[in-house]
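S.K.: coords below, sequence missing:
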């Protein structure tokens, strides 16, 4: 079952902030975040493991709330290069080895 | 390292034809998977493998077969192509499942007429 991402799309001006949310109906072992530019393959951003951690990657960071089965990706002071589609992927763990992705959030950063 | 390679980049098939999409990785990764990407649907898992000789179904396995005889290769077979299988196909690999990043291949754009 695919995790649910919101919003589906967001338009920003350079320098603005955005939050992308990812929620699952299942208990999660890990949450992955990827970014895909048009016509290219998805590229890894970060992984969060259960334990409620928060990670950072330049001006892009993420949090994982294990109890709520939710993760959020934070993009601060957005740059034109942040434009693309962001996907969260989730593993439920146990004997479930499937990495299941959401439908994506299209982020457009304008000058 | 070449990373994850996929061939062909583009393919046009007629309904009913069969073909194999090739995927190879040179990173000695145990975990490999196939996804299809359709507009508005995200990445949907077709099949995956946790090691040589071990494969399992993903969310949308119907019409596709896989095998994993070596660590490096994970081909995807379309048994009898249908227009509904028109899509972009991505192969991915990671060291293991769960807590390791996935490396994606460049994709194969398949059109079935």
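M.R.: Done, it's in. It should be emphasised that the depicted structure is a prediction, and the values quoted were computed from it without experimental measurement. Residues are numbered from 1 along each chain as shown, chains lettered A, B, ... in the order given.
S.K.: and the nearest residue to residue A:9 once chain neighbours are set aside, how many neighbours?
M.R.: Nearest non-adjacent residue to residue A:9, counting by Cβ to Cβ, 6 or more residues apart in numbering or on different chains: residue A:106, 4.3 Å away. To be clear about C-beta, it is placed using only N, CA and C from the backbone, and glycine gets the same treatment. The number of residues packed near residue A:106 is 15, by other Cβ atoms under 10 Å in any protein chain shown.
S.K.: repeat that for residue B:37.
M.R.: Residue B:37, neighbours per other Cβ under 10 Å, totals 21.
S.K.: contacting residues around it?
M.R.: For residue B:37, the contact set (Cβ atoms under 8 Å, 6 or more residues apart in numbering or on different chains) comprises B:43-44, B:87-90, B:107.
S.K.: any idea which helix or strand carries it?
M.R.: Following DSSP states H and E, one finds residue B:37 within strand B:31-38.
S.K.: before we move on, back to that, neighbour-wise, which one of the contacts of residue B:37 leads?
M.R.: Neighbour-wise, those (other Cβ under 10 Å) top out at residue B:43, 28 neighbours.
S.K.: so it bridges to which residues?
M.R.: Here residue B:43 sits in beta bridges with residue B:37, going by DSSP bridges.
S.K.: I'd guessed it sits against residue B:34; true?
M.R.: No. Look at residue B:43 against residue B:34 with Cβ atoms under 8 Å: they stay out of range, at 10.1 Å.
S.K.: ok so residue B:84 is a helix residue?
M.R.: Yes. Assignment of residue B:84 by DSSP: H, G, I helix; E, B strand; the rest coil places it within a helix.
S.K.: if I look at it, how far off is chain A?
M.R.: Separation of residue B:84 from chain A (Cβ to the nearest Cβ, to the nearest Å): 18 Å.
S.K.: contact partners for that residue?
M.R.: Contacts of residue B:84 (Cβ under 8 Å, 6+ apart): residue B:112.
S.K.: which two among the contacts of residue B:37 are spaced furthest apart?
M.R.: Across the contacts of residue B:37, no pair lies farther apart than B:44 and B:107, at 13.9 Å, counting by Cβ to Cβ.
S.K.: tell me the phi and psi of residue A:82?
M.R.: phi -80, psi -10 (degrees, to the nearest 10).
S.K.: the residue lying closest to it once chain neighbours are set aside: which element?
M.R.: Counting by Cβ to Cβ, 6+ apart, residue A:82 lies nearest to residue A:109, which is 5.2 Å off, once chain neighbours are set aside. Taking DSSP H and E as the criterion, residue A:109 maps to strand A:105-110.
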